[in-house]
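Enquirer: sequence and predicted model, in that order:
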Amino acid sequence: MAIKKELVDELLKDADPKAVFSSDGLLADIKKALAARTLNAELDQHVESEAAATDGSTPTN
C-alpha cells in the first residue's frame, strides 16, 4: 500500500524533525494508533461473528 505524499506532509507539518523517531514522537504515536485501530477491528469482527453464531442471543460461558 502506498502512502500519499500529502499525508506524510500533513503529519510532518508541525513535527519536530529531531523528535519524530523518539520514543514519544510521531512514529510512536502512529504505531499506537495503528495498533489500536487493528485491535478494535479484530474485536469488532470477533463480536460480530459470535453474535451471528448465536443468532443474536446472549452467549453463555
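Expert: Everything's here; your move.
Enquirer: quick one: whichever strand or helix holds Val8 to chain centroid distance?
Expert: Assigned by DSSP states H and E, Val8 falls within helix 5-12. Chain-centre distance of helix 5-12: 18 Å, with Cα atoms, centre = their mean, to the nearest Å.
Enquirer: which strands and helices lie in contact with it?
Expert: Judged by 3 or more Cβ pairs under 8 Å, 6 or more residues apart in numbering; DSSP states H and E, helix 5-12 is in contact with helix 26-53. In short, each C-beta sits where N, CA and C put it, glycine included.
Enquirer: show me what the helix it packs on packs onto, helices and strands only.
Expert: Against helix 26-53 (3+ Cβ pairs under 8 Å, 6+ apart) you get helix 5-12.
Enquirer: number of residues surrounding Val47?
Expert: Here the number of neighbours of Val47 (other Cβ atoms under 10 Å) works out to 11.
Enquirer: how close does it sit to Leu39?
Expert: 12 Å (Cβ to Cβ, to the nearest Å).
Enquirer: go on, Met1?
Expert: Between Met1 and Leu39 the distance is 19 Å, computed by Cβ to Cβ.
Enquirer: compare these two (neighbour count), which wins?
Expert: Neighbour count, other Cβ under 10 Å: between Met1 and Leu39, Leu39 has more, with 10 against 2.
Enquirer: who touches the more buried one in this structure?
Expert: Residues near Leu39 by Cβ atoms under 8 Å, 6 or more residues apart in numbering: none.
Enquirer: show me where the protein dips below the pLDDT cut-off.
Expert: Of all residues in the chain, those with pLDDT under 70 make up the ranges 55-61.
Enquirer: one more time with 50
Expert: Along the chain, the model assigns pLDDT under 50 to no residue.
Enquirer: since that was my last question, I'll sign off now.
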